[in-house]
Each structure stands twice: as structure tokens, then as C-alpha cells.
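*Asks:* Below are the sequence and a predicted model for it; my questions follow.
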Amino acid sequence: MPDVKKAVDQVNQLSLEKQLEIANEKYPDILHEERKEKEKTLPELKNVHGKVVMRLAPSPSGPLHLGHSRLCILNDEYVKRYGGELILRIEDTNPNNILPEAYEMIQEDCRWLGVNFTKYVVQSERMLFYYETARSLIKQGNAYMCSCRVEDFKRDLMNSTACPHRDVSPEESLEVFESVIGDMALTEHPVLVIKTDLHHPNPAVRDWIAFRVIEKSHPHTGKKYRFFPLMNFCVAADDHDLGLTNVIRGTDHINNTERQKYIFRYLGWKLPDYFHYGIIHIGDIILKTSMMKKGIIAGEYTGWDDVKLATIRALAARGYKPETFRKYWIDSGLNDVNADFSWEIFNSINRQYIDRSSDRYFFVNSPEKISVLDAPESKAHLNLYPNDDSRGFREYDIKSNPTLYLPAEDLSEMENGSIIRLKGLYNIRKEDGKYYFAGIEIHGERKKIIQWVGEDSIPFTIKKPDGNDDHGLLEKHATGKIGIIQLERYSFVKKISDSTALFLHR
RNA sequence: GCUCCGAUGGUGUAGUCCGGCCAAGCAUAUCGGCCUUUCGAGCCGACGACCCGGGUCCGAAUCCCGGUCGGAGCACCA
């Protein structure tokens, strides 16, 4: 150790240039270590043999939202990596939970995200297949028709006791099944139950319900069917029938996977490889489709793309880029630990994608009207993008002793006698509540630099996700400009008209 | 309550399977500096983490046991 210290001391005696020189001569390798920023990638999937078949399986209760985007991107990434098929499967076997427009919206959302599904499947079109699968299970004695009251059925499960219907013969169950899927009037609403293990330690896995009667008309199939399969049943049947090789989904599905495995076992099907990742909790924004729907009906939101919502289309409308979603979810990885979604990081990624293409403009929030005394006639000269004259300019003729609008907050923070810089124009000094011209020089003592607008500015509203819209004035030069812009010192926004923009992020 | 799972800085992650190259990498945030006519971008720097306690081992973020804390599920939703 003393030798090491001695050596280090010796090296440190030398100048940096000298050190570099020696290193260059003798050990060129160490200097070329430039840590290349490795693009983070998803871990390899286990049990991949050749091409994969994966799926997205949303229910059509509404358009896709931020939470769905994760599943979409992850599946898409793996299919792109290994090659194969990505199936978009619409899970619409609950007529009570369907928004007819959602079938189309979901596909649009996928395309916008750059998620290229290669096959589109709608479950309500596969009812006969589900019935056939159910018959097989009944004939095997692995499924039975039950007409117990809900409470009795649940109580039996908790007590690990069999209900009276569990032991009826397959023939008898099949007969009941056929009558329920037929068009006879029903006196009771029986269900089809998959037999598992009444003593399974996890009550969630004990005999579970596979079909139930819903008399309501289905948006796609009308009144043609009334005995609808539940998610666990169709997922198992479809995952096999569509040839899924790998299934990745959230840990909230772990028990469902256990239930679905019974069907695979009974029918001798090969299981796909399952992976369950931790759930990412997304806060500060409305994510539940049912809540959104309610709010839209109540007029609280303008539609599925309202700024306050976290649907893909709402975020797209505000100016988030598809690449942002992709990078964020890849960076988040496939951890099996639950985590919190970070708007901070999400926004930071988005900023990288939009900054260079966003022109800069002045917006004064909560403006205060002032007159600048002793001010000569001037010209304001401002870049559309900092340090890049090729992008063009915003130019204004400012008359002498002009009336200007400045952010009230910045003015109130000014101390008596202090000087502030109006960006692209000149300096002003505050004196006894009045404002005086204070020279045009930029350099010299470091001053705060703020945005401003003139009398030709336009009333402008920024709609914000939290519902507290900002009102102020936008510089005239922005008229006609539509799209993502940066309002200097305020935020990035998506300008949608000459009077309105949607708030994006700082 | 029952079943299962997990625990790395303020936040998100890498590493954990197959112990040593990890006195722990990256991103983001924060704070400084440079640059800049934005509180934006870029560059440089600083700050900051292996839940606790035992055990195995020459060696533990990594393996084992216990504890604590957190989470998911327990629907005739998906």
C-alpha cells in the first residue's frame, strides 16, 4: 500500500498535460474508455425458441391509456426482437362493459404508438369455439353447470365443500349447458364452473366460473348469444388456439394464470411461457376507464382526449411523442417489483424529442400592464430558436415609452431600484412602483431576463391537466402557428388555435 | 384473514439466476460551474443507495434462516 500511495503522489505531482501525454504514449487504451451511452434494452425473454407469438388483449371499454401503452410496447418490442406475430385480441365477452367505438380507437392507439399488430381477433366472433371447448371440458367431467345462489357458491368455496351440482353426471351438465346456449326461456341463470381443487390453498384458484348468462344485447352479436365466457376461460382457449408462445403481463394476473393452467392441463395443451412483471402505479391523473366515461357523460371532460385524462390520445393531443412512451417503458424494464410511474422522467424523455423542433415564443401568464418611461423607440429582435439564426426571427417595432405586459410575479419580486432585462429588447429599472428605461446593454452585471409582450399581443389560454387553466397574453408573432412550441420561461405547450394551447410539460 | 411476491440513493433502474471484475453503473431530480439575451438545450462537477439481524464462505447487494416493511390477488370485471 505505501508503494501505491507513493506512486499516486508522484503522478499527481505532474501537470494534467504531462499526465495525458504519458498516458497517450504508454497506455492509449485507458483514454479511449469513453463510456458510450448504452441504449438500455429489455432483458432476454426466457424459453424463446425461434419466432414468438405474443398478444395484446384489451377490453373495448374505452381507448387505450398510459397503463396499456406499457403492455403494448413491451410485447411489440419482443416480437420485433425475435420475429413472429403480435396479435391484438379484443376481449369483448362482457356486453356490459363495451364502448362500441373502442374497437376502432384501440387500433388507432396502437398504430400511433408504433405497435404493429399482425393479427386482429375479436372474441365475440369466436363464441362457437368457446362453446365447443366448454363441451369438451364438461364431457371430461372437468366442468359442471351450477345454479347455486352466488352467496352459497362462494361460501362453499371458502369452506372447501362441494356444491350439489359438482357431482352431477357430465351428460346431465351437458344437457343443461345446451339448453342455456339454446333459445329456451330461462327460469334461472346457471353458470359453467371449471373444476379445480376445492382444497387448493389459494381460495382464488378453487373452482372458478367460466360462463355466465347475460341477456343484454351485445354491440357486435346482438341477442345471438346469452351465455358469455369470462376472461379466464377465453384467455386460456384463445392463448392455445392462437398459438401463443410467450405471455407477459402484470402480477395482477398471477392467480388468473393458475386458473387458466387447469384448462391447459385438462385438454392436454402446451402452456405458453408466462412472465409477470410488477405493476407500475400511475398517479396524478385519471386512468380508470369507467371514471373517464362517467366524466365525459357528465360533461366534466370534453371527450376521450381531454387534457385531464391519461389516454394515449389525450397525451398525444398534448404533444407527447410515441418515442417517449417506448423509451420510457423500455427503460423501466421488466422488474417484478411494483413501482411508481415517474412523470418527471417521462417528461424529461419527451423534452429530448421535442426540444429541437419547438420554436420559442413569449407568453405572459397573469400579465401586469406597465409603461416604460424615458424609453426610446426600439426594435426587438428574437430568435425562433436559441443560437440558430437559420430558424428565423420574431421582430417587433417598439415605440417610445411603450405599454408592455410583464408577468406580475416577476414585477412583484423586483426590489426598488433593481434592474431587469426584457429579453431581446432592453433593461428596465423599478423606481417607486414605476418602470424606467435602463439601457440596452446585455452584458455587465448579471440580470434576470424575462419575457414580455406588447399591446399587439393576443389573449391566450393554456388548458392544464389539473383543470386550473392559465390565462395571459401571447406574442403576436405566434399567430397562425400550430403545434408544439416552447413558451419561454413558462412551459412547452401544444398550440391548437390562436387562442388556446394544451399544457405539455416544463 | 388466506395465497403468492418483492425490498439498490428523492424517483426510475443496472447488477441478484451462475458470490469475487460492485469501495455499486445509468437516467432523472437537486445543488454548483461553464456556455447562453429562457427557469430550455449542451458541457463539467457535487450530492446521494444495497431494509434490519443472524448464518454459510477466504470473500455476500448476490446464497440460507428469522424479522420488519411494502405490494398483488382472493368478482357471475379484464
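*Replies:* That came in fine, so what should we check first? Numbers count the residues shown, from 1 in each chain, chains lettered A, B, ... in the order given.
*Asks:* can you list the residues of the stretch 401-506 of chain A near RNA strand B?
*Replies:* With CB under 7 Å from any atom of the strand as the criterion, the stretch 401-506 of chain A meets RNA strand B at residues A:D410, A:R421, A:K423, A:G424, A:L425, A:I442, A:I449, A:I450, A:Q486, A:E488, A:R489, A:R506. The C-beta positions use only the backbone N, C-alpha and C, and glycine is treated the same way.
*Asks:* In three-state terms, how would A:K430 be classified?
*Replies:* Classification of A:K430 using DSSP: H, G, I helix; E, B strand; the rest coil returns strand.
*Asks:* That one touches A:E413, doesn't it?
*Replies:* No - between A:K430 and A:E413 there is no contact under CB atoms under 8 Å: 10.0 Å.
*Asks:* now, which of the residues of the stretch 401-506 of chain A next to RNA strand B lie within helices?
*Replies:* Of those, the ones assigned to helices by DSSP state H are A:D410.
*Asks:* which one of A:K430 and A:E413 has more residues nearby?
*Replies:* Set A:K430 next to A:E413 and count neighbours by other CB atoms under 10 Å: A:K430 wins out with 18 against 11.
*Asks:* Per-residue pLDDT of the closest residue to the more buried one other than its chain neighbours, please?
*Replies:* Distance criterion CB to CB, 6 or more residues apart in numbering; nearest residue to A:K430, sequence neighbours excluded, is A:M414 at 4.5 Å. A:M414 carries a pLDDT score of 89 in this model.
*Asks:* Spell out whether the biggest helix by length in chain A and RNA strand B are in contact.
*Replies:* If each helix of chain A is counted by residues according to DSSP H, the longest one is helix A:66-82. No - under the criterion of CB under 7 Å from any atom of the strand, RNA strand B is not reached by helix A:66-82; the shortest gap measures 9.6 Å.
*Asks:* Check the offset of the helix or strand that comes right after that helix from the chain's centre.
*Replies:* Using DSSP states H and E, the helix or strand that follows helix A:66-82 in sequence is strand A:84-90. In this view, strand A:84-90 has its centroid 20 Å away from the chain centroid, taken as CA atoms, centre = their mean, to the nearest Å.
*Asks:* what's the answer for stretch A:42-49, then?
*Replies:* Put simply, stretch A:42-49 sits 24 Å off its chain's centre (CA atoms, centre = their mean).
*Asks:* Show the end-to-end separation of that stretch, please.
*Replies:* End-to-end distance for stretch A:42-49: 17 Å, by CA to CA, to the nearest Å.
*Asks:* Which residues does that stretch contact?
*Replies:* For stretch A:42-49, the surrounding residues in contact (CB atoms under 8 Å, 6 or more residues apart in numbering) are A:52, A:74, A:77-78, A:81-82, A:245-246, A:248, A:273, A:275, A:330, A:333-334.
*Asks:* Highest neighbour count among these?
*Replies:* Counting neighbours by other CB under 10 Å, A:L74 leads those with 25 neighbours.
*Asks:* what's near enough to touch that residue?
*Replies:* A:L42, A:I248, A:Y277, A:W329, A:L334.
*Asks:* do the same with A:T93
*Replies:* Listed by CB under 8 Å, 6+ apart, the contact set of A:T93 reads A:Q123, A:S124, A:F228, A:P229, A:L230, A:M231, A:C234.
*Asks:* coming back round to it: between strand A:84-90 and the longest helix of chain A, find me the angle.
*Replies:* Relative orientation of helix A:66-82 versus strand A:84-90 (axes from the mean of the first three to the mean of the last three CA atoms, to 10 degrees): 160 degrees.
*Asks:* in helix A:66-82, what's buried?
*Replies:* For helix A:66-82, a neighbour-count test (16 or more other CB atoms under 10 Å) marks A:66-79, A:82 as buried.
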